[in-house]
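**Q** what follows is a predicted structure for the sequence shown.
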Amino acid sequence: MSTATITAHRPGPAAWVALMVCEAKMVIRDTAGLVVPIGLPLLIMVMNASAASDEEIAHGRSALDVYVLPLVFTIVLATIGIVNMPSFLAYYRRSGILRRLAVTPASPAMVLVAQLVVSLVQAVIGIGIAFGVALLAFGARPPVNGWAALGVVALAIAAMYAAGMIVAAVAPTPNSAVAIGLVGFFALGALGGLFGGTDALPSAVARVGEWLPFGASVEALSDAWAGTPVDGAHLIALAVATVVGAVVAAVAFRWD
Amino acid sequence: MSESTIVVDHVHKRYGDTVAVDDISLRVAPGEVLGVLGVNGAGKTTTVEMIAGLRAPDRGSVSVLGLNPRRDRAALSQVLGVQLQQSYLHGALTVAELIGLYRTFYPDPRPADELLDLVDLHGQRRTRFESLSGGQQQRLSIALALTGRPRVVILDELTTGLDPRARRRMWSAVESLRDETVVLVSHAMDEVERLCDRVALLDAGRVIALDTPAGIVDRAGTTTLEDAFVALTGREPEYEEEAA
């Protein structure tokens, strides 16, 4: 066979679909990775829903709508983006799966994309379940500014995944990816209202928390739900987090 | 002589202060099975990883079917089948799922049943990779290397961890690849003598002998390849523990 007869042939749609199905099976068969990002936010929502659903905040939206659901949605996105996804990628790298794929027509980048898509589906399912239960069981109402809320969710997904890619880039092992991811999740969460209102934090710390992905997501979603204009600073914060995370990951991410 | 399928030309590779490959040159002809023998640390795996495009040489050049394994990876991966030493796969996927996945990567893959027959894993097709024995994992890795009907096959420690029956099965599989060019890294003298047309004997990152197995035995003035290995390298060959 001569060189002239060998042409680069990247796998087609069937390979992409097969890879995504396999990634989905990996997530489904990893019980903790499946249940925690969906079950934990749902639990938090249910625990707070009864008390929060009676108090109207603005435009007929209750505290459940304006405060609890934005927090719950952000927890779903942060758990998947910052903890789950990096641990999968670190496991793939550590175990040699990415290296093995590097000698096939499927590039390791295909795994990355497939994992992102599956994570996205998982996030949509997690948000959908939480919102569905809130609507049906606790009388929650949709955001006053639905398009703004969708836009914020999309931006928050990008920011959380970018943060997760930093974790995947710097973590040498799957265990360290989980550890770094959890520290990142709780640190961003603590500064962004995960453990209660940020009013209790020193004002400077609370301000910083608002500009980090978790806090910015909660605040921007809360604005969209209440029908007040979304603060541009929160959107910029999410966009900057996305860009910084993507650049750091592009520079530091190792395939093997 | 026909154009060589694999050309390794004055290749060097270091890891920090350690010289892994020190000016290795070799050529592999179309359809040839080249054995690469040497003790641990001799530079065998680094050499084949450079042929596979997984590592870049510090100096020198590598060409496979006229392609640069690093620069032309997308094209070369169509015709290259690689079984890596200590390769791992998606642990929660079954044998059938993994073979199905890898088949989608190639335009004309071997049928799944043919691959399962080849490595005798029909009975484990619904078993997850993480639940397979080491030998079964190795056999699956070999099946995946052959999925795309490769023209060039790299097998790093083909039968390490396999029981005698599985070893013979793998040998038969390699013997069925006589149209393909094969680079076989091994510790096993019997395997190399049986399967390989020529053997590159590596020691401390250098090729110290490159000949047919019989030629190496003659050159060393011994009667077996194992004795020749000891005579030429001054080292005892390493043996894996017998697989269960």
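**A** Looks like it came in fine.
**Q** now the helices for the chain?
**A** Going with chain A. For chain A, the helices defined by DSSP state H occupy A:13-29, A:31-52, A:63, A:69-78, A:85-95, A:97-101, A:108-138, A:146-170, A:174-192, A:203-211, A:213-226, A:232-252.
**Q** chain B is the one I meant
**A** According to DSSP H, the helices that chain B contains are B:44-52, B:73-76, B:95-103, B:112-119, B:134-145, B:164-175, B:189-195, B:213-220, B:225-233.
**Q** thought A:Pro70 was touching A:Ser222?
**A** Yes - look at A:Pro70 against A:Ser222 with Cβ atoms under 8 Å: they come within range, at 4.5 Å. Where C-beta positions appear, they are placed from N, C-alpha and C, glycine not excepted.
**Q** picking up where we left off before, adding mean pLDDT, mean neighbour count and distance to chain A, write the helices of chain B out as JSON lines.
**A** Shown next, in JSON lines, are these (pLDDT from 0 to 100; neighbours: other Cβ atoms under 10 Å in any protein chain shown; distance: least, Cβ to the nearest Cβ, whole Å):
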{"stretch": "helix B:44-52", "mean pLDDT": "94", "mean neighbour count": "25", "distance to chain A": "5"}
{"stretch": "helix B:73-76", "mean pLDDT": "90", "mean neighbour count": "20", "distance to chain A": "4"}
{"stretch": "helix B:95-103", "mean pLDDT": "96", "mean neighbour count": "22", "distance to chain A": "5"}
{"stretch": "helix B:112-119", "mean pLDDT": "92", "mean neighbour count": "17", "distance to chain A": "13"}
{"stretch": "helix B:134-145", "mean pLDDT": "89", "mean neighbour count": "23", "distance to chain A": "8"}
{"stretch": "helix B:164-175", "mean pLDDT": "85", "mean neighbour count": "16", "distance to chain A": "18"}
{"stretch": "helix B:189-195", "mean pLDDT": "90", "mean neighbour count": "19", "distance to chain A": "21"}
{"stretch": "helix B:213-220", "mean pLDDT": "92", "mean neighbour count": "17", "distance to chain A": "27"}
{"stretch": "helix B:225-233", "mean pLDDT": "88", "mean neighbour count": "19", "distance to chain A": "29"}
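**Q** I'd like these written out as JSON lines, with distance to A:Met165 added.
**A** Formatted as JSON lines, these follow (distance: least, Cβ to Cβ, whole Å):
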{"stretch": "helix B:44-52", "distance to A:Met165": "26"}
{"stretch": "helix B:73-76", "distance to A:Met165": "23"}
{"stretch": "helix B:95-103", "distance to A:Met165": "24"}
{"stretch": "helix B:112-119", "distance to A:Met165": "34"}
{"stretch": "helix B:134-145", "distance to A:Met165": "28"}
{"stretch": "helix B:164-175", "distance to A:Met165": "40"}
{"stretch": "helix B:189-195", "distance to A:Met165": "43"}
{"stretch": "helix B:213-220", "distance to A:Met165": "50"}
{"stretch": "helix B:225-233", "distance to A:Met165": "46"}
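**Q** A:Leu101 is nearest to which of those helices?
**A** Proximity to A:Leu101, assessed across those by Cβ to Cβ, is greatest for helix B:95-103 (9.2 Å).
**Q** who touches that closest one?
**A** Applying Cβ atoms under 8 Å, 6 or more residues apart in numbering or on different chains, the contact partners of helix B:95-103 are A:15, A:18-19, A:22, A:25, A:104, B:89-90, B:93, B:109-110, B:112, B:115-116, B:121, B:124-127, B:129, B:132, B:140, B:143-144, B:147-148.
**Q** now the helices of chain A in CSV, with mean neighbour count?
**A** Converted to CSV, the helices of chain A look like this (neighbours: other Cβ atoms under 10 Å in any protein chain shown):
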stretch, mean neighbour count
helix A:13-29, 17
helix A:31-52, 17
helix A:63, 17
helix A:69-78, 28
helix A:85-95, 25
helix A:97-101, 22
helix A:108-138, 18
helix A:146-170, 22
helix A:174-192, 19
helix A:203-211, 15
helix A:213-226, 27
helix A:232-252, 17
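**Q** let's have the ones you listed in CSV, adding distance to B:Ile99.
**A** Below are those laid out as CSV (distance: least, Cβ to Cβ, whole Å):
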stretch, distance to B:Ile99
helix A:13-29, 11
helix A:31-52, 24
helix A:63, 53
helix A:69-78, 34
helix A:85-95, 18
helix A:97-101, 14
helix A:108-138, 17
helix A:146-170, 28
helix A:174-192, 25
helix A:203-211, 49
helix A:213-226, 40
helix A:232-252, 32
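**Q** B:Ile51 is nearest to which of those?
**A** helix A:97-101 (14.8 Å).
**Q** so the closest one, near chain B or not?
**A** Yes - Helix A:97-101 is in contact with chain B by Cβ under 8 Å from any Cβ of the partner chain, via A:Ile97, A:Arg99, A:Arg100.
**Q** turn the residues you listed into JSON lines, including pLDDT.
**A** Below are the residues of helix A:97-101 next to chain B laid out as JSON lines (pLDDT from 0 to 100):
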{"residue": "A:Ile97", "pLDDT": "86"}
{"residue": "A:Arg99", "pLDDT": "85"}
{"residue": "A:Arg100", "pLDDT": "87"}
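**Q** list the contacts for residue 166?
**A** Just going to use chain A. A:Ile166 sits in contact with A:Gly245, A:Val248, A:Ala249, A:Ala252, where contact means Cβ under 8 Å, 6+ apart.
**Q** my question was about chain B
**A** Counted by Cβ under 8 Å, 6+ apart, B:Ala166 has contacts B:Asp120, B:Gly135, B:Arg139, B:Thr159, B:Ala243.
**Q** swap the cut-off to 7 Å and go again
**A** For B:Ala166, the contact set (Cβ atoms under 7 Å, 6 or more residues apart in numbering or on different chains) comprises B:Asp120, B:Gly135, B:Arg139.
**Q** okay, residue 223: pLDDT?
**A** In the absence of a named chain, this looks at chain A. In the predicted model, A:Asp223 carries a pLDDT score of 94.
**Q** you answered for a different chain; I wanted chain B.
**A** At B:Thr223, pLDDT is 90.
**Q** for B:Ser87, same thing?
**A** 66.
**Q** pull the residues that contact stretch A:134-150.
**A** A:45, A:49-50, A:53, A:59-61, A:64-65, A:69, A:221, A:224-227, A:230.
**Q** these: which two are farthest apart?
**A** A:Ser50 and A:Val230 (28.1 Å).
**Q** quick one: mean pLDDT over stretch A:138-153.
**A** On average, stretch A:138-153 scores 93.
**Q** that should have said stretch A:232-249, apologies.
**A** For stretch A:232-249, the mean confidence score works out to 93.
**Q** over to stretch A:66-76?
**A** 94.
**Q** show me what that stretch is in contact with.
**A** Counting by Cβ under 7 Å, 6+ apart, A:37, A:40-41, A:44-45, A:48-49, A:52, A:57-58, A:123, A:126-127, A:130-131, A:134, A:140, A:153, A:156, A:193, A:214, A:217-218, A:221-222, A:225-226 sit against stretch A:66-76.
**Q** next: stretch B:167-176.
**A** By Cβ under 7 Å, 6+ apart, the list of residues contacting stretch B:167-176 reads B:Val33, B:Leu118, B:Asp120, B:Ile142, B:Leu158, B:Thr159, B:Leu162, B:Val182, B:Leu184, B:Glu191, B:Arg194, B:Leu195.
**Q** among those residues, which pair sits farthest apart?
**A** B:Val33 and B:Asp120 (21.5 Å).
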